[in-house]
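Engineer: make a model of this:
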Amino acid sequence: IGQVYEGYVLKKGGDEKQKVAVKVLHPNITTDIDADLDLMRFGVKIAKLVPSLFESVKWLNMEGVVEEFAGLLKTQLDLRHEARNLQIFNENFQ
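Structural biologist: From the prediction side, this is the model:
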């Protein structure tokens with residue numbers, strides 16, 4: 001989904017640098033993920049047309065699984081969530 005780089009920012013006053021991590025999303029990642037999710041949704045539709053292939057998992061709500069996965073994956077695209085979670089983690093372990 002992304003790449004992490006090492007960087008530096010100047011602290012207040014500009015006389016001291018602080019090491020930071022900079023995370024950048026890969027180009028077109030949202031479009032790529034949407035296309036992958038569409039393929040998964042299409043796969044579920046095809047699977048429903050050939051129920052004998054998936055008899056052992058008929059109890060599984062495949063549409064629900066794909067949509068749950070889609071929701072979790074889309075959350076990962078918003079780096080603010082990750083930043084907030086890291087902030088909470090750091091506060092809890094100080």
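Engineer: which SSE is Ala83 in?
Structural biologist: Taking DSSP states H and E as the definition, one finds Ala83 inside helix 79-92.
Engineer: how far away from the center of its chain is that helix?
Structural biologist: Offset of helix 79-92 from its chain centre (Cα atoms, centre = their mean, to the nearest Å): 15 Å.
Engineer: show me which helix runs longest in the chain.
Structural biologist: In the chain, assigned by DSSP state H, the helix with the most residues is helix 29-49.
Engineer: number of nearby residues for Ile33?
Structural biologist: Neighbour count of Ile33, defined by other Cβ atoms under 10 Å: 16. In short, each C-beta sits where N, CA and C put it, glycine included.
Engineer: residue contacts, it?
Structural biologist: Ile33 sits next to Ile1, Leu73, Lys74, Leu77 when contact means Cβ atoms under 8 Å, 6 or more residues apart in numbering.
Engineer: can you put those in TSV and add neighbour count and secondary structure?
Structural biologist: Listed next are the contacts of Ile33 as TSV, based on neighbours: other Cβ atoms under 10 Å; DSSP: H, G, I helix; E, B strand; the rest coil:
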residue	neighbour count	secondary structure
Ile1	14	coil
Leu73	14	helix
Lys74	13	helix
Leu77	14	coil
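Engineer: out of the residues you listed, the closest to Tyr8 would be?
Structural biologist: Ile1 (24.0 Å; Cβ to Cβ).
Engineer: touching, the closest one and Leu77? I think so.
Structural biologist: Yes - judged on Cβ atoms under 8 Å, Ile1 makes contact with Leu77 at a distance of 6.8 Å.
Engineer: what stretches of this protein score poorly on pLDDT?
Structural biologist: Scanning the chain for pLDDT under 70 picks out no residues.
Engineer: who's in contact with the helix holding Ala83?
Structural biologist: By Cβ under 8 Å, 6+ apart, helix 79-92 touches Gly2, Lys23, Leu25, Thr75, Gln76.
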